[in-house]
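A.B. asks: Fold the stuff below for me.
(one chain, ligands or ions: 2)
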Amino acid sequence: MTDLQPVRGTRDLIGEEHRRFQHVVETARRTAALYGFEEWATPVFEDTRVFARSLGDTSDVVSKEMYSFTDRGGESLTLRPENTAGICRALVSNGLTQTLPQKVFYAGPMFRYERPQKGRYRQFHQIGAELIGVAEPLADAEVIALGWDILSALGIASHTVLEINTLGDHASRAAYRAALVAHFGAHRDALSEDSRVRLERNPLRILDSKETADQPFVATAPTIGEHLTEGARAFHERLKDHLTRFAVPFIENPRIVRGLDYYVHTTFEFVTTSLGSQGTVMAGGRYDGLVEEMGGPPTPGVGWASGIERLSLLLAGPPALPRPVIVIPVGEAQEAAALPVLQELRRAGVRAEIGYRGNLKRRMEQANKRHARAAIILGEAELARGVAQLKDLTSGEQHEVPLSELAARLA
Ligand code: ATP
Ligand code: MG
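C.D. replies: Ligands and ions are numbered 1, 2, ... in the order given. Okay, the predicted model is just below:
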């Protein structure tokens, strides 16, 4: 049993790494609450149809990356590769399609069978936001502003660039699709095998290809601009006005099409140059048909997801380890008196720990290892008088303090 390792593409989060992780989630949670988003948690696995229907069966995620299995009852289940489909499924299952808008925040693990690299794992974690039930571009602008604020609060907004695009409405997309088929069809034999399949089934996907063979044709592909309907163009213009008023800087990138099938109108990515080909830290768009796919009424929605591992990699310093106060009974006989002291501190909101064993010296070593800010030393003579020695471990100063005053002093 000695060489058991975590499964390829999974990681243990311990110490500093977990603190980075927590910092990202807590910062995002706090910021999302300021925008009125409420947190939901949906199951980690779902009926496979939840994803097969929504993501489109030609998407990379569905065709190559899903962890699907048949359970003992014969059901086909899938570990969620993303959470937007699950949130829309939950909206319908819980009868919330008449209680709109719903503003949802989530954080949790996702699973994709990918080639592991820095910033790309098989179990990874996302934070995400969905604003469901608002068809106006103000909703798009607001979720993007939320994303920007989270990146700002994490101190990484300045390392990222927001790139936006529009895929237009259904009519714009149909016209654009025809133009792409004409363009890529002329180079069919030079395209990668995957892109030849995409050409038949969803040519827009070719724009999202990571294959070297496709790149020259992607670079020269027509852009959607000239195929947008008046309505789609107006929608995009309003989004840009709103972003400007929200003071969110952006650039336009006509290549942002996103990997999944369900997007219309707005698509966007926050990208960084610091993480190689894992440069997209946050990505999303509008998905007006998705709730309907889940069996609900036609319902507009817009949102994004962001990889916590990638955000963590961009954080400047690890969040500081909070420094505890450590209670040190000088010997075993004083331990009994130490326990109520410890509990009183904790109830007063003081992070308090105990030096577990040994003589005073050994227990002080433990205090230093825990990077304690203060030690409360409980000796026999002091306890008899109802006092303790309070030692500030930064300055080294030491005072006698009545036991009853300790919590107030340290809180
Ligand atoms: P990529 O192009 O990097 O494969 P994607 O388009 O598949 O990303 P989305 O499905 O849009 O990614 O997921 C949103 C975000 O989740 C990504 O921008 C990224 O930050 C993160 N992410 C996606 N897949 C992984 C993974 N395997 N490991 C770590 N983070 C990931
Ligand atoms: Mg991917």
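
A.B. asks: The residue in the stretch 1-150 of the chain positioned nearest to ligand 1: how many residues sit nearby?
C.D. replies: The minimum distance from the stretch 1-150 of the chain to ligand 1, using CB to the nearest ligand atom, falls at F124 (3.4 Å). (C-beta placed from N, C-alpha, C; glycine too.) Taking other CB atoms under 10 Å as the neighbour definition, F124 ends up with a count of 21.

A.B. asks: Could you say which helix or strand holds T244?
C.D. replies: Using DSSP states H and E, T244 maps to helix 230-245.

A.B. asks: what do you get for A316?
C.D. replies: Under DSSP H and E, no helix or strand contains A316.

A.B. asks: now do the one 4 residues further on
C.D. replies: Element membership of A320 [criterion: DSSP H and E] is none; it lies in no helix or strand.

A.B. asks: Mind giving me the packing neighbours of the strand or helix carrying the residue of the stretch 1-150 of the chain closest to ligand 1?
C.D. replies: Take DSSP H and E as the rule and F124 turns out to sit in strand 123-132. In terms of contacts (3 or more CB pairs under 8 Å, 6 or more residues apart in numbering; DSSP states H and E), strand 123-132 is packed against helix 16-34, helix 84-93, strand 102-111, helix 137-153, strand 301-307, helix 308-314.

A.B. asks: Walk me through which strands the third one pairs with, and which way each runs.
C.D. replies: Okay, so that is strand 102-111. Strand pairing for strand 102-111, using DSSP bridges, gives strand 38-39 (parallel), strand 123-132 (antiparallel).

A.B. asks: For that strand, give the mean pLDDT please.
C.D. replies: Averaged across strand 102-111, the pLDDT comes to 98.

A.B. asks: what does the fifth one give?
C.D. replies: If you average the pLDDT over strand 301-307, you get 98.

A.B. asks: which residues touch that strand?
C.D. replies: Here strand 301-307 makes contact (CB atoms under 8 Å, 6 or more residues apart in numbering) with 28, 82-84, 87-88, 104, 119, 124-134, 139-140, 143-144, 147, 150, 266, 268, 270, 281-288, 290-291.

A.B. asks: CA atoms only: put that strand into CSV for me.
C.D. replies: This file holds the C-alpha atoms of strand 301-307, laid out as CSV (Å, rounded to 0.1, in the frame of the first residue of the first chain):
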residue,chain,number,x,y,z
GLY,A,301,-29.8,33.3,-19.0
VAL,A,302,-26.2,34.6,-18.9
GLY,A,303,-23.3,33.7,-16.7
TRP,A,304,-19.6,32.7,-16.4
ALA,A,305,-17.4,30.1,-14.8
SER,A,306,-13.8,30.5,-13.6
GLY,A,307,-11.2,28.0,-12.8
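
A.B. asks: What angle do helix 230-245 and it make with each other?
C.D. replies: Angle of strand 301-307 versus helix 230-245, following axes from the mean of the first three to the mean of the last three CA atoms, to 10 degrees, is 50 degrees.

A.B. asks: for the longest one, same thing?
C.D. replies: Angle, helix 16-34 to helix 230-245, by the same axes, to 10 degrees: 110 degrees.

A.B. asks: Tell me the buried residues in helix 16-34?
C.D. replies: Using 16 or more other CB atoms under 10 Å as the test for burial, helix 16-34 gives R19, R20, F21, H23, V24, V25, T27, A28, R29, T31, A32.

A.B. asks: which one of those residues is nearest P329?
C.D. replies: Within the buried residues of helix 16-34, the smallest distance to P329 is 29.4 Å, found for R19 (CB to CB).

A.B. asks: Quick check: closest non-adjacent residue to the closest one.
C.D. replies: The shortest distance from R19 to any non-neighbouring residue, by CB to CB, 6 or more residues apart in numbering, is to P319 (5.0 Å).

A.B. asks: Could you do G9 as well?
C.D. replies: R122 (2.8 Å).

A.B. asks: Go ahead and flag the most central residue of this protein.
C.D. replies: Closest residue to the average C-alpha location of the chain: I127 at 2.4 Å, with CA atoms, centre = their mean.

A.B. asks: Against E65, how distant is it?
C.D. replies: I127 sits 20 Å away from E65, going by CB to CB, to the nearest Å.

A.B. asks: Just the CA trace of stretch 123-133, in CSV.
C.D. replies: Taking C-alpha atoms only, stretch 123-133 is exported to CSV below (Å, rounded to 0.1, in the frame of the first residue of the first chain):
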residue,chain,number,x,y,z
GLN,A,123,-10.8,17.2,-11.0
PHE,A,124,-10.7,21.0,-11.0
HIS,A,125,-12.8,23.6,-9.3
GLN,A,126,-14.9,26.4,-10.5
ILE,A,127,-16.6,29.4,-9.1
GLY,A,128,-19.5,30.7,-11.3
ALA,A,129,-22.4,33.0,-11.6
GLU,A,130,-25.7,32.7,-13.5
LEU,A,131,-28.3,35.4,-14.0
ILE,A,132,-31.4,33.7,-15.2
GLY,A,133,-34.6,35.3,-16.5
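
A.B. asks: For it, the averaged confidence score.
C.D. replies: Mean pLDDT, stretch 123-133: 98.

A.B. asks: same check, this time on stretch 248-263
C.D. replies: 84.

A.B. asks: How far does that stretch stretch from one end to the other?
C.D. replies: Start-to-end span of stretch 248-263 (CA to CA, to the nearest Å) is 22 Å.

A.B. asks: for that stretch, the distance to its chain's centre please.
C.D. replies: 18 Å (CA atoms, centre = their mean, to the nearest Å).

A.B. asks: what does stretch 359-367 give?
C.D. replies: From the chain centre to the centre of stretch 359-367 is a distance of 40 Å (CA atoms, centre = their mean).

A.B. asks: Now do the buried residues in it.
C.D. replies: So, applying 16+ other CB under 10 Å, buried residues of stretch 359-367: R363, M364, Q366, A367.

A.B. asks: From those residues, list the ones also adjacent to ligand 1.
C.D. replies: By CB under 6 Å from any ligand atom, no member of the buried residues of stretch 359-367 lies near ligand 1.
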